[in-house]
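A.B. asks: here is my input, please return the structure:
(one chain, ligands or ions: 2)
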Amino acid sequence: MFLRPNLRLTRRIPFNLICAVLIFLAASKAANADELAVWNFNDSDLNVDHGSGTLTSNLNVVNILFAAGTTTNARQGDPAGQALSLQGGTANANNGRNLTLAVSTAGFANIVVSFATQGTSTGFNSNQFQYSTDGVSFVDFNPPYTPATAFGAVPLVFSLAAITALNNNPNVAFRIVFNGATSSTGNNRIDNIVVEGTSAATATIPEPTSALLLLTGLSSLYKLKRRRDRQKRHSST
Ligand SMILES: [Ca+2]
Ligand SMILES: [Ca+2]
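C.D. replies: Numbering: from 1, shown residues only. Ligands and ions are numbered 1, 2, ... in the order given. This is a model prediction of the structure:
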């Protein structure tokens, strides 16, 4: 008498549990904005600190330095630590040179690039943000910006959602071209560079193949349960 309800319960649990897991997996594919690459410069190098991507520069190596950073635009609890500090260089040789970020956006859309920056009075004061869909040809985005004299509370944000060729593309790159430095030690600091996007699953809910697989799976489980129930009824008669 006491065993019978327990047996029925244990037969039901796997079906309900599997349904719950499948629904959870389908829902979890609809992610919010994800950080694809983050540079916090706290370890005083150009290597990416969260996610994946590469950062290179053609400034003179002696003018690529690190100095006190900020928590503005910091992610994942990163402390202020260090920031990148780029100098004009001897005879302002670095005017016209750049910082380039290569980041795959495979699986992502609505790409946004942001960072905190500040500049000294003789540092670069006319900096052009650019994007590339092939990592080779770069296109100006927005007019040149002039960094404030202090990091402040708000980062510079370049929202590239309208540039759909940047979506789901392994060859994406971004570039800041520096200009306007008027002394060798005039500089710009940059900290917490973030490249983020929303997962492609969010942009096209539901993913047809996922929805189909889920429905097929649920249908098979339902048929299996019906068959078991029929067998149970037959065996009890
Ligand atoms: Ca930092
Ligand atoms: Ca690093």
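A.B. asks: confidence score at the closest residue to residue 43 other than its chain neighbours?
C.D. replies: Excluding the flanking residues, the one nearest residue 43 by CB to CB, 6 or more residues apart in numbering is residue 49, at 7.2 Å. Where you see a C-beta, it was placed from the backbone N, CA and C, and this is true even at glycine. Note for residue 49: predicted pLDDT of 98.
A.B. asks: so how many other residues sit close to residue 49?
C.D. replies: Look at residue 49: counted by other CB atoms under 10 Å, it has 18 neighbours.
A.B. asks: again, but for residue 68
C.D. replies: Residue 68: 12 neighbours (other CB under 10 Å).
A.B. asks: ok, what's across the strand from it?
C.D. replies: Partner residues in beta bridges with residue 68, using DSSP bridges, are residue 82.
A.B. asks: I figured residue 112 hits residue 155, correct?
C.D. replies: No - between residue 112 and residue 155 there is no contact under CB atoms under 8 Å: 10.4 Å.
A.B. asks: which neighbours do the two share?
C.D. replies: Common contacts of residue 112 and residue 155 (CB atoms under 8 Å, 6 or more residues apart in numbering): none found.
A.B. asks: who has more neighbours out of those two?
C.D. replies: Set side by side, residue 112 and residue 155 show more neighbours around residue 155, with 20 against 16, by other CB under 10 Å.
A.B. asks: list the contacts for the residue found closest to residue 74 once you drop the neighbours it is linked to in the chain?
C.D. replies: Setting aside the residues directly before and after it, residue 74 is nearest to residue 192 in space (CB to CB, 6+ apart), at 5.0 Å. Residues in contact with residue 192 (CB under 8 Å, 6+ apart) are 38-40, 69-75, 78, 114-116, 155.
A.B. asks: pull out the buried members of those.
C.D. replies: Buried members of those, counted by 16 or more other CB atoms under 10 Å: 38-40, 69-75, 78, 114-116, 155.
A.B. asks: write out the residues of this structure neighbouring ligand 1.
C.D. replies: Proximity of the chain to ligand 1, by CB under 5 Å from the ion, involves residues 40-42, 69, 81, 191.
A.B. asks: can you do 6 Å?
C.D. replies: The chain comes close to ligand 1 at residues 40-42, 69, 80-83, 191, as judged by CB under 6 Å from the ion.
A.B. asks: just the contacts of residue 192 now: which is nearest residue 58?
C.D. replies: Top of the list for closeness to residue 58, among those and by CB to CB, is residue 39 at 17.1 Å.
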